[in-house]
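Colleague: Here you go, sequence then predicted model.
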Number of protein chains: 2
Amino acid sequence: MNQPANEINRTLETSEPMLYRLLSALGRRAVFPPDIPFQAGEARGTSYNGTIGILTDGHGGAVPLPSMAAVLNLSAEDRTRAFLYSPVSGMPELRQLWRAWQRRSQPESIPSSLPLVTAGLSHSLSIAADLFSDEGRAVAVATPFWGNYPQTFAMRTGAVMHTAPGYRNGRYNTHAIAEALEDLPPGEPAIALLNFPSNPGGYSPSVAERAELRRTLLAVADQRPLIVILDEAYAGYVYEEEIPFTSMYWELAGVHEQLIAIKVDGATKEFSFFGGRVGFITFPIDPDSPAAKVLESKVMSLMRSTVGSPVATSQVILLQALRSGRAAEEIERARRLAHERYRVLKSLLAELDPELLRPLPFNSGFFALIEVPEGLPFTAEQLRHHLIEHHDTGIVSVPPRYLRVAICSVASEAIPEMMARVVRGAKELAVRKAA
Amino acid sequence: MNQPANEINRTLETSEPMLYRLLSALGRRAVFPPDIPFQAGEARGTSYNGTIGILTDGHGGAVPLPSMAAVLNLSAEDRTRAFLYSPVSGMPELRQLWRAWQRRSQPESIPSSLPLVTAGLSHSLSIAADLFSDEGRAVAVATPFWGNYPQTFAMRTGAVMHTAPGYRNGRYNTHAIAEALEDLPPGEPAIALLNFPSNPGGYSPSVAERAELRRTLLAVADQRPLIVILDEAYAGYVYEEEIPFTSMYWELAGVHEQLIAIKVDGATKEFSFFGGRVGFITFPIDPDSPAAKVLESKVMSLMRSTVGSPVATSQVILLQALRSGRAAEEIERARRLAHERYRVLKSLLAELDPELLRPLPFNSGFFALIEVPEGLPFTAEQLRHHLIEHHDTGIVSVPPRYLRVAICSVASEAIPEMMARVVRGAKELAVRKAA
C-alpha cells in the first residue's frame, strides 16, 4: 500500500473502524494523490497562478466556442463555471444546497456527510461498489431488481448476488434481504441494496412494512457487518398519502454499529434531468469528521480515475433550480403528471383477470409490475416479443415472469389502449399455446 | 463466463484475434446485457411504448423543471434531447460528426470505428484500462507523465507502470516506450501511452521524430502485442509550423498485426468545453465490422456499469459547434489566444540561466516544462512551496525535478512577471541552501 493511503486508512480505522473493515482492496488503495489538482488547490488565490490546466481569458473567465456559448442563458460567472472544470468532489454551493434539500424536515441529530457529486446515480453505485465490493462479497437484493446492479457489482468487482423474492403471495416481502443472506456464515460482511420507490417494482413500503424491514435489517446487522445502499433514484414519485415520502436513510443512519447506510440520490429523476448526469453519494458521518475527509479523498480518487470530474454544465443547470426556491413546487408539477397516469393505470390493473395477468402492489415510481402466473403456456419474454410484432406495443420483460409497464413516458390517454393490447396479446398466447 | 459474453468473444476471436487476446478478464466478461436499454431499443418506434424509464409529456418530449429549462437556448427537439437520456453509446448524430471531424483530410483506407461517446477523456482512458489492463499488465509511458495514468491503470486494475525518460540531454527521447519495456520478456503483451501535445511536457514530436517513434513502436510490436493508446486531449494546440498538427493515430492504425492503436480524444480541450465531459474512444476497425459491434457491446457494458450513459446536455451543446460549420474557425480563435502566450513564454524560457532553470523542448499544448538541474540545493517541490509562500505565485512541481508552468490560464501580460518571480524564487533557494 502506498504511504498516503496508509495514512488515511489509519485515520479511518481509528474513527470509523467498521467502515474501514468493510473497504475493498481497491477502496483501501484509493487516495486522492498530491499531484496536479491537489497542487492547484494549494495555489488557489495566488496572484500569478500557472497551475491550472484550463484555457481561460487569463482572468479566470472561460473561453467557450461562440456556437456553444450561445446555448447557455446564464450570468457570466455561471457560464464560466459551466464551461470550466468542476472541483473533483463537486461544486461546493451545489453540495451544500443538496445537503439542505436532503435534510429538509429531518432532525439534526442524524448524521449525513456533505454529499459528493458523481456522474449520475449509476456512478454513485459504481463508486460504492469500488469502495466496498470485492471478489466473493455478498450483495443481497430482492427480486426482481434493476438489471444494472449485477453489472456494477458482480461483473465489475466479482461480488456474488444473493437474492430472495421481493414479493410473496402478491405482497411485498420485508424479509427479502435477511432471506437472501440466510446461507452466508454469520460474521461475514454483506452489502444490501434497497430501492424505494423501486424499479422495476413501482413500490414503496408502507409505514408498517418499513418498521418491519428496519427490524429485519437490524437483526441482520446483529449477525454481520452490513452496508445498506439506498438507491433513491425515484425519490418523491409517491402517489398514495399513507406511503412515506421521505428517505429510509434517516431511519437507518447511525442506528447500529454494524450497519452502514449509504444514500444514493440525484437529479436524474428527482429533478427530471435525465441527460444531465448529476448524482450524489452520502455517508452516515458528520461533514467535518476525520472519517468524512478520508472518504472524500477516496471517492475523489475513484472519481478522478474513472471520469476525471463531475459535469460542471449540468451542476450549474441544477443549481438554478435549487437556488430558485421553487424546486419543490416545480417538482410537484412533474409528480402530478406521473400521478395522473398512475391513477389511470392503477384502475386498469384492478380490472385484470388474475388468472392471466396478476398485478403486483403499485404505489409509486415510474413503473407497474405485472406477473405472468406460473402454469400459463407463455413467458413474459414471449409476450413482449408478441406485443412488438403483432400489437405495435412495447413493454419490458423481467425474468423470471414479470412485465414492466412504464407510466413515466406514456400519456394518460394512451394507457387504456396500451393495456388493452397487453391483455389481448396475453389472451392470444394463452389460447394459441394451449391449443 | 456468461453465454452472451461467450458469443461475442467468439466473434471477436475470429475477426480480430489480437484484440481478443489482449482483453482483460473484465474485458472478456463485459457484454451489454439484453435487459431494459436493450429491450427499449427493440421497442423503438412502437405506437404504444411502455418501455422507457424517463419522464416525458407522453409524446417523447422532456418535462424539465422550468427553472432549469430556462437555461438552455435550444430548439424544442434539442432541448428534449438535452434533458432526456443519451443512448448508452452516445448520440448517433454526434458520433457521425465526430468521426468526420477526426477523419478530415485523412485517407479512407485507414480504419477507424464510429467513436463511442464517454464521460470525458479520463473516462475513455478508464474504459481502455477496463478492457485491456489487468493485474501485472505492463503499461509503458515516458516520464514525466500525467498523474492520472497510474491512478487509472495501476491503482484500479493492478497494472504495473514501466517508465523511461521522455527527455535525454534536453531532447525528446523517441525510444522511451521501447526502453521502458526492455526488461519485459518477449511475447508478453504491453500497453503504451502516447500523449501529444503532451502534459506536463508541452511537446509534440517533429516529422523526423514521429517517423523514428513509429519505427521504434513497430519494432516493439515485432516482439510483443502492443496496445498504443493515443491520448490526444490537447489536439490542435500546436504553435510551430513545422510540427505536425494531425493525430499520430493515422500513422499507427492497421499497420502492424501486433499493434492496436486506440484513439482517445474529445471536446474538453479541443473544443474548450472542460466542464462538459464529452470524450470519445475509437478503435482501428471499420464501423460496420463484426469486431466493431463486439467492442461497442463491451464499451456500452462498461459505460452502463460505471456511469449509466454519457451526458446528453453536453453532447447537444457540442453538436451546435459541429453542426455550425464554424468549428474549425472558432477553435482557431482559442488556439491563437494560447499561441500568443506561448510566444511570450517561449522567449522568456530562452533567457533562463540553464544552470538554475533548464527549459525542456516546448512547441505545443498548455504547459511548458522546466527542469531543476541535478546538483542544485533545492527540489522542484521546495521551489513550488517557496513560490506560494513568498512570491504569491503558483506553479506545479512534477517528480523528480520538473516545474510545469501553464500558459492556458495566464494572461500574456502576466507571464513575464510570473516568470520573473519563478526565477527570483529559484535564486533565493539556490543561495540560501548553498549558504
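Modeller: Noted; the coordinates are in hand.

Colleague: Report how many residues lie close to the closest residue to chain B within the stretch 51-200 of chain A.
Modeller: The stretch 51-200 of chain A approaches chain B most closely through residue A:58 (2.6 Å), counting by C-beta to the nearest C-beta. (Glycine included, C-beta is placed from N, CA and C.) Counted with other C-beta atoms under 10 Å in any protein chain shown, residues neighbouring residue A:58 total 18.

Colleague: isn't residue A:263 right next to residue A:102, touching?
Modeller: Yes - Residue A:263 lies in contact with residue A:102 (C-beta atoms under 8 Å); the separation is 7.1 Å.

Colleague: list residues touching both of these two?
Modeller: Contact with both residue A:263 and residue A:102 is made by residues A:112, A:115, A:247, A:280, A:282, according to C-beta atoms under 8 Å, 6 or more residues apart in numbering or on different chains.

Colleague: three-state assignment of the fourth one?
Modeller: Here residue A:280 is recorded as strand under DSSP: H, G, I helix; E, B strand; the rest coil.

Colleague: which residues touch the closest residue to it other than its chain neighbours?
Modeller: In this structure, residue A:280 finds its nearest non-sequential neighbour in residue A:115, 3.8 Å apart by C-beta to C-beta, 6 or more residues apart in numbering or on different chains. Contact analysis of residue A:115 by C-beta under 8 Å, 6+ apart lists A:90, A:95, A:98-99, A:102, A:263, A:265, A:280-282.

Colleague: In helices, which of these fall?
Modeller: Of these, the ones assigned to helices by DSSP state H are A:95, A:98-99, A:102.

Colleague: Which one (most neighbours) among the residues you listed?
Modeller: Result: residue A:98 is most packed of these (other C-beta under 10 Å), 26 neighbours.

Colleague: Spatially nearest residue to that one, not counting backbone neighbours?
Modeller: residue A:115 (5.2 Å).

Colleague: Ok, residue A:255 next?
Modeller: residue A:218 (7.2 Å).

Colleague: what about that neighbour, which SS state?
Modeller: helix.

Colleague: likewise residue A:431?
Modeller: helix.

Colleague: What is the neighbour count of it?
Modeller: A count of nearby residues for residue A:431, using other C-beta under 10 Å, gives 10.

Colleague: I'd say residue A:244 and residue A:197 touch.
Modeller: No - using C-beta under 8 Å, residue A:244 is not in contact with residue A:197, being 10.8 Å away.

Colleague: out of the contacts of residue A:115, what pair is the most spread apart?
Modeller: Spanning the widest gap among these are A:90 and A:263, at 14.7 Å by C-beta to C-beta.

Colleague: Low-confidence regions, the stretch 1-150 of chain A specifically.
Modeller: Low-confidence segments of the stretch 1-150 of chain A (pLDDT under 70): A:1.

Colleague: for it, what spans make up the helices?
Modeller: Here the stretch 1-150 of chain A has its helices, by DSSP state H, counting those that start in this stretch, at A:3-15, A:17-22, A:25-29, A:36-43, A:66-69, A:76-83, A:92-102, A:121-132, A:148-150.

Colleague: quick one, which of those helices is packed in tightest?
Modeller: helix A:121-132 (a mean of 27; mean count of other C-beta atoms under 10 Å in any protein chain shown).

Colleague: circling back: so who does the residue nearest to residue A:255 touch?
Modeller: A:255-256, A:259.

Colleague: Now that we're looking at it, what pLDDT does it have?
Modeller: For residue A:218, the pLDDT comes out at 98.

Colleague: distance of it from chain B?
Modeller: 31 Å (C-beta to the nearest C-beta, to the nearest Å).

Colleague: quick one: that residue and residue A:192, what's the gap?
Modeller: Separation of residue A:218 from residue A:192 (C-beta to C-beta, to the nearest Å) stands at 12 Å.

Colleague: Name every strand pairing with the strand ranked longest in chain A and say which way it goes.
Modeller: For chain A, the strand reaching the highest residue count under DSSP state E is reported as strand A:259-266. Partners of strand A:259-266 in the sheet, by DSSP bridges, are strand A:226-231 (parallel), strand A:279-282 (antiparallel).

Colleague: chain center to the last one, what's the gap?
Modeller: Just to be clear, that refers to strand A:279-282. 8 Å (C-alpha atoms, centre = their mean, to the nearest Å).

Colleague: Put the alpha carbons of that strand into CSV.
Modeller: This file holds the C-alpha atoms of strand A:279-282, laid out as CSV (Å, rounded to 0.1, in the frame of the first residue of the first chain):
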residue,chain,number,x,y,z
GLY,A,279,-25.8,12.1,-8.8
PHE,A,280,-24.7,12.2,-5.2
ILE,A,281,-23.2,9.8,-2.7
THR,A,282,-23.7,10.5,1.0
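
Colleague: need the next SSE after that strand, C-terminal direction.
Modeller: Later in the chain than strand A:279-282, the nearest helix or strand by DSSP states H and E is helix A:290-306.
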